[in-house]
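J.: Quick check, what structure comes out for this input:
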Amino acid sequence: MSTTNKFSFVNPNKVPFFYGYIVLFIGTIGVWASIPGQTVGVSVFTDPVKDALGLTRNQFSNAYMIGTFMSSFFVARAGVLFDKYGARYVAFFAAIFLAISLLLASVSVSISEFFKTLFNNTSWIIPFSVISLLFFMIRFSGQGVLTMASRNMIMIWFDKNRGKVNALSSVAVSLGFSSSPILLNRLIDDHGWQLSWQLIAICLLIFSFFILQFYRNNPEDFNMIPDGSKIIEDKVKIKKVEHQFTLKEAKETRAFWVFGLTLAFNSFFITGFTFHIVSIFANHDYSKSEAISIFLPISIIAISVGTLFNILSDYVRQKILLYLMLFSGLLATVGLLLLGNSIRIYLLVIGLGGMGGMFSVINAVSWPRYYGRLHLGAITGKIMSFLVIASAIAPSLFSYSYTTLGSYSYISYLNIIFLITLIIASIKAKNPQ
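T.: The predicted structure is shown next:
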C-alpha cells in the first residue's frame, strides 16, 4: 500500500466511507479536464487560431485530421501503460503533457514565424506543420489518455453498481461538455485565444497535483472490493468474471468490433457535425445562433437517455443498448440528410441526443462487463484509437463533401450504408462471457 499511496497525503483506508465515491468525483473532474483536447474544446479556437496562422478552413481541418490521426497510433500503447502502472501515474503525466501542449499552442504563431525565418520560407506548409504537431500532442493527451484513464478508473472501483455510478458521472460530464463552448468562448472574448490556452494550462498543472493525491488504481490495493469498503477476508468470495480477456483474445470476438465501430461512428458523426455545424445549417438558411441553439436540446436528451440506460445497464443485456444506439444513429443521419424543416431538425436532435446518451453507457460499461478488468487499459486503449481515427478523418470528409461535391448529403449516404452493415453484423455479436 505504501507504493500505491506514494506522494499522497490521502489514505483511502482512513476515509469514513467507501473511497470509490471519491474516485467517482475526482475521475469525473478528470474527464472534464480533457475538454481542451476534445473537439468541443478545440472547435471554439478554430477561427481565431487559423486566422492568426494564415491557414484556410480546409488546411486547418486537415491539420486537425493529421494530428488526431497520428495520436491514434499511440493511444493503444497508453492503454497498455494503464494496465501496467495504473490510472494514477498515467493520468498525472497526461495532464502535464496536455498543459505543456496548450502552452506551446498558445505561442504557435511565434513558433511558425521562427521557422519561417530559419528556413527563409513563408509557405503555409510551416504553420500547417506546426499546428498539426500541436494537435497531435493535444489530442493524444486530452481526448485519448486523460479521458481513458479517468473513465477506466471509475469503472474499476465499481462492479454491480457500475451502471448507476456511470449515470452520475455521465450527467456531470454531459453538463460540463455542453456548457464548455460557452465558457471557453467567453474566456477567448475576454482574454484572447493565446492567454486563454495559457490559463487552461495552469489549471491543468494544478489539477495534476490533485491527481496524485486522489487518483487510485484498484480497490484491491487497499484491501477493498469493488462497490464497497468491505475488507477482503478468506471467507469472502468476490464475484469475478469467468475470463479475463487479453486484447488479442478480445479482438477475436465479433462483439469487440461491432461495439467498437459503433462507438467510432458516434465519434465520426459528432466530430464532423460539430466542426462544420454553422456551415451545415447555413446551407438551409439557418443563422449561426439557430445552429448553436440545438446543442441545448441535444444535451437534455443525451443526459436523460444516458441516465436512464446507465441505470438499466445493470439489469439488461448490452446488446439491447447497442441496437438503441444504432437506431439513434440512423435517426440522426436521416435528419441531417433531410435537414430543411423543423420536423427533420427534430429527427437530427433526437438522434444525436439518443446516440450521445447511449455512447456514455456503452463506452464505459460494456468493456469491463464483456472482457473483465485485468486488461481493461489495453482493450479500451485500442477502442479509443478507433474513436480517435474516426474523429480525425471526420472534419476533412465533411469539408470535402461540401467543397468538392457541393453538399453534406453525401456523408449521410455513406453513414447509412455503414450503419446498416453494423446492424447486420451485430445480429451474431454475443457477450463473450
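J.: List the buried residues for stretch 246-257?
T.: 246-247, 250, 253, 255-257 (16 or more other C-beta atoms under 10 Å). For the C-beta atoms, the positions are set from N, CA and C on the backbone; glycine is no exception.
J.: excluding its backbone neighbours, what's nearest Leu53?
T.: Among residues not flanking Leu53 along the chain, Pro127 sits closest, at 4.0 Å (C-beta to C-beta, 6 or more residues apart in numbering).
J.: hmm, back to that, out of the buried residues of stretch 246-257, which one sits closest to Ser61?
T.: Trp257 (27.9 Å; C-beta to C-beta).
J.: any idea which helix or strand comes after the strand or helix carrying that closest one?
T.: Assigned by DSSP states H and E, Trp257 belongs to helix 254-275. Sequence-wise, the next helix or strand downstream of helix 254-275 (DSSP H and E) is helix 277-282.
J.: which other helices and strands contact that next one?
T.: Under the contact definition 3 or more C-beta pairs under 8 Å, 6 or more residues apart in numbering; DSSP states H and E, helix 277-282 sits against helix 288-293.
J.: how about the helix it packs on: buried residues?
T.: Ala291.
J.: Distance of the residue nearest to Leu53 relative to Asn217?
T.: Note on Pro127: its distance to Asn217, by C-beta to C-beta, to the nearest Å, is 41 Å.
J.: again, but for Thr253
T.: 26 Å.
J.: same thing with Tyr89?
T.: Per C-beta to C-beta, Tyr89 is found 9 Å from Asn217.
J.: on that earlier part again, can you pull the buried residues of the helix or strand hosting the residue nearest to Leu53?
T.: For Pro127, the element it lies in under DSSP H and E is helix 125-138. For helix 125-138, a neighbour-count test (16+ other C-beta under 10 Å) marks 126-128, 130-138 as buried.
J.: Next: stretch 393-409.
T.: Going by neighbour count (16+ other C-beta under 10 Å), the buried part of stretch 393-409 is 394-399, 401-402, 408-409.
J.: And for stretch 178-190?
T.: For stretch 178-190, burial by neighbour count (16+ other C-beta under 10 Å) applies to 178, 180-181, 184, 187-188.
J.: Find me the pLDDT at the spatially closest residue to Asn58 that is not a sequence neighbour, would you?
T.: The shortest distance from Asn58 to any non-neighbouring residue, by C-beta to C-beta, 6+ apart, is to Ser399 (5.6 Å). Looking at Ser399, its pLDDT is 83.
J.: residue contacts, Ser399?
T.: Residues counted as contacts of Ser399 (C-beta atoms under 8 Å, 6 or more residues apart in numbering) are 57-58, 61, 276.
J.: From these, pick the one nearest Gln213.
T.: Ser61 (39.2 Å).
J.: Give me the pLDDT for that closest one.
T.: pLDDT, Ser61: 82.
J.: Which helix or strand contains it?
T.: helix 57-85.
J.: how far off helix 125-138 does the next helix or strand after that helix point, in degrees?
T.: Sequence order places helix 87-106 as the next helix or strand after helix 57-85, per DSSP H and E. For helix 87-106 against helix 125-138, the angle by axes from the mean of the first three to the mean of the last three C-alpha atoms, to 10 degrees is 160 degrees.
J.: ok, back up a step: switch the contacts of Ser399 over to TSV; also include neighbour count and distance to Ser328.
T.: Listed next are the contacts of Ser399 as TSV, based on neighbours: other C-beta atoms under 10 Å; distance: C-beta to C-beta, whole Å:
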residue	neighbour count	distance to Ser328
Arg57	16	29
Asn58	14	30
Ser61	24	26
His276	24	20
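J.: Roughly how far does the residue nearest to Ala87 when sequence neighbours are not counted sit from Ser169?
T.: Leaving aside its sequence neighbours, Ala87 sits nearest to Met153 (C-beta to C-beta, 6+ apart; 3.7 Å). Applying C-beta to C-beta, the value for Met153 to Ser169 is 11 Å.
J.: try Phe158
T.: From Phe158 across to Ser169, the span is 10 Å (C-beta to C-beta).
J.: isn't Pro48 right next to Ile188, touching?
T.: Yes - between Pro48 and Ile188 there is a contact at 6.6 Å, judged by C-beta atoms under 8 Å.
J.: rewinding a little: just give me the closest of the contacts of Ser399 to Phe69.
T.: Closest to Phe69, out of all of the contacts of Ser399 and judged by C-beta to C-beta, is Ser61, at 12.2 Å.
J.: Tell me where the model's unsure across the stretch 301-433 of the chain.
T.: 341-342 (pLDDT under 70).
J.: Let me see the ranges of the helices in it.
T.: Here the stretch 301-433 of the chain has its helices, by DSSP state H, counting those that start in this stretch, at 318-337, 342-371, 376-403, 409-426.
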